Structures are given as C-alpha cells and as structure tokens.
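Novice: sequence first, predicted coordinates after that:
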Amino acid sequence: MAEKGSVDGTCEKQTDNVVLAVQWDRCNSVVLSWILNSISEDLYSGQFFSATASVVWTELKETYDKVDGSIVFKLHHKINSMKQNGYSLSEYYHKLNTLWKQYDEMVILPACTCVVAPEFQNHNKTLKLMQFLGLDDSYMSIRSNLLLMDPLPDVKSAFAILSREESHRGVSRVGTSKTQNSAFVHPSTPSSSTSAPSPLSLSNEQMMKLLSILNEKSSPISESVTNMSGFENQKHLGDW
C-alpha cells in the first residue's frame with residue numbers, strides 16, 4: 001500500500017514521471033498530516049517544518065519507541081489496580097480492553113504449540129476475567145454468580161451477561177419511576193369526565209351581608225307592600 005510505503009520509506013518519489021510524482025506528493029501529504037495530528041503539541045512544534053512523512057516517522061520511532069521495565073511495570077500496575085469507580089460498564093470494559101492490547105503489544109510471548117498451549121490460553125483468559133471483575137458493589141450478586149460458573153466464562157461472555165443485567169436494571173428503574181410519579185397524583189383531584197360543581201357554602205357573616213344587599217335592592221317594593229299593608233290595617237281598625 002502507498003500509505004505504508006510513505007511511512008517506512010519504501011515508496012520513493014519518481015523524478016522521471018510527473019504523474020507518479022504528483023501522486024506521491026499527495027499521498028505523502030496525507031500520511032504526514034495523519035502523523036502530525038496524532039502527536040502532542042510539543043512534538044508537533046518540533047516536526048512542523050518536516051516535509052517527508054517517512055523522516056518524521058523514523059525520528060519519532062527512534063526517540064520514543066523504547067520499551068523498558070518501568071513502562072511495562074506501570075502498565076501492569078495500572079491494569080491490576082483499575083476499578084470501575086462509577087464508570088458505566090461499557091466505558092470500564094473498553095478502557096481495560098485498551099490496556100490489555102497495549103500490554104500484549106509490549107510483552108510479546110513466544111508462540112507455544114505444545115500440548116499445554118490450551119491450558120496456558122485458558123490461564124490468561126482467567127487472569128483477564130479476574131481483572132475485569134473489579135466492579136462496583138451494585139454488581140456483587142451477579143459477580144458471585146459468574147464466579148460460580150464451571151467452567152468460568154471468558155471476558156467477552158461476562159461483559160455480555162453484565163450488559164444484559166445493566167439494561168434490565170435500567171428498564172426496571174424507569175418503570176419504578178413512573179409508578180412513583182403516578183402515586184403523587186392527589187386522590188381527591190376529580191377527573192375531567194366525572195367533575196361536577198361543588199355546592200356553594202357561605203358563612204353566617206357572608207349570608208347576612210347577602211341578605212342586606214338583597215333588602216337594599218328590593219326596598220321600593222317593600223315600601224309599597226308596607227303602605228298597602230298599613231292601609232289595610234287602618235281599614236281593619238276602622239271596622240273595629
């Protein structure tokens with residue numbers, strides 16, 4: 001591939017062919033931008049004026065591609081001391097999986113083709129499972145169930161089981177929340193279909209004020225009735 005040749009320098013620029021030279025410049029620019037965008041700002045400033053991707057790659061490899069005991073120790077310690085600590089299950093798994101891949105690239109074990117090779121592979125899988133089970137206390141019960149399995153599951157199977165459990169907890173939590181919210185509805189709140197006007201209730205003071213207002217408004221009628229009543233009384237008195 002042209003990109004790989006631009007990195008390791010095996011793809012050289014053709015000076016006698018203009019078309020190939022233009023294609024080489026284009027591919028070199030793409031690979032160089034990939035490298036410069038993948039390094040820190042301090043390293044970028046030191047390689048800013050570099051024009052060839054293979055030269056930049058070689059300098060970085062010779063300077064920083066050094067694996068010694070301290071780097072292996074730090075990575076090994078980070079893997080064994082890593083805990084979930086509130087991360088989601090997916091985030092925790094992918095962080096740990098990234099560290100495992102880095103460790104496997106640094107510490108390359110010799111290939112084994114003897115009869116104990118499957119046992120050695122199972123041992124490595126068990127170690128990764130134990131490292132992965134540094135979960136929060138909320139997963140204690142399902143972690144105990146995983147450890148009781150015979151044979152023990154690998155990391156991918158354990159992650160799948162825990163993911164299903166996490167999804168189930170999420171659904172249960174949503175259902176519980178809806179039930180609690182419905183419980184907060186006031187039981188005396190009438191529904192729209194059965195609502196009816198409540199009877200008007202007045203205090204004694206309010207009733208007296210209402211009667212007073214009604215008497216004031218009906219005073220002319222009362223006077224006429226009184227006059228008529230008085231006249232009739234006088235008439236009855238005359239008869240007596």
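Specialist: Looks like it came in fine.
Novice: make it CA atoms for all contacts and neighbour counts henceforth
Specialist: Will do.
Novice: and whichever strand or helix holds residue 211, average pLDDT?
Specialist: Using DSSP states H and E, residue 211 falls within helix 204-217. Helix 204-217 shows a mean pLDDT of 75.
Novice: got a pLDDT number for residue 42?
Specialist: Residue 42 carries a pLDDT value of 79.
Novice: and what of the one 4 residues further on?
Specialist: Looking at residue 46, its pLDDT is 77.
Novice: distance of it relative to residue 159?
Specialist: As for residue 46, its distance to residue 159 is 43 Å (criterion: Cα to Cα, to the nearest Å).
Novice: just residue 101 next, same as before
Specialist: Distance of residue 101 to residue 159, computed by Cα to Cα: 17 Å.
Novice: so these two - more neighbours on which side?
Specialist: For residue 101 versus residue 159, neighbours defined as other Cα atoms under 10 Å are more numerous around residue 159 (18 against 11).
Novice: identify the residues contacting the more buried one.
Specialist: residue 93 (Cα atoms under 8 Å, 6 or more residues apart in numbering).
Novice: that one and residue 126, how far apart?
Specialist: Distance from residue 159 to residue 126, by Cα to Cα: 14 Å.
Novice: averaged pLDDT, stretch 73-82. What do you get?
Specialist: 92.
Novice: list the buried residues for it?
Specialist: Across stretch 73-82, burial judged by 16 or more other Cα atoms under 10 Å covers 75, 79.
Novice: just the CA atoms of that stretch, as PDB, please.
Specialist: The C-alpha trace of stretch 73-82 is given here as PDB (Å, rounded to 0.1, in the frame of the first residue of the first chain):
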ATOM      1  CA  PHE A  73       5.600  -2.200  35.300                       C
ATOM      2  CA  LYS A  74       3.400   1.000  35.100                       C
ATOM      3  CA  LEU A  75       1.100  -0.600  32.600                       C
ATOM      4  CA  HIS A  76       0.900  -3.800  34.500                       C
ATOM      5  CA  HIS A  77       0.200  -2.000  37.800                       C
ATOM      6  CA  LYS A  78      -2.500   0.200  36.100                       C
ATOM      7  CA  ILE A  79      -4.300  -2.900  34.800                       C
ATOM      8  CA  ASN A  80      -4.300  -4.700  38.100                       C
ATOM      9  CA  SER A  81      -5.300  -1.700  40.100                       C
ATOM     10  CA  MET A  82      -8.100  -0.500  37.800                       C
END
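Novice: got the phi and psi for the residue nearest to the spatial centre of the chain?
Specialist: The chain has residue 88 as the residue nearest its centroid, 7.6 Å off, counting by Cα atoms, centre = their mean. Dihedral angles of residue 88 (phi, psi; degrees, to the nearest 10) stand at phi -70, psi 160.
Novice: appreciated, that's everything.
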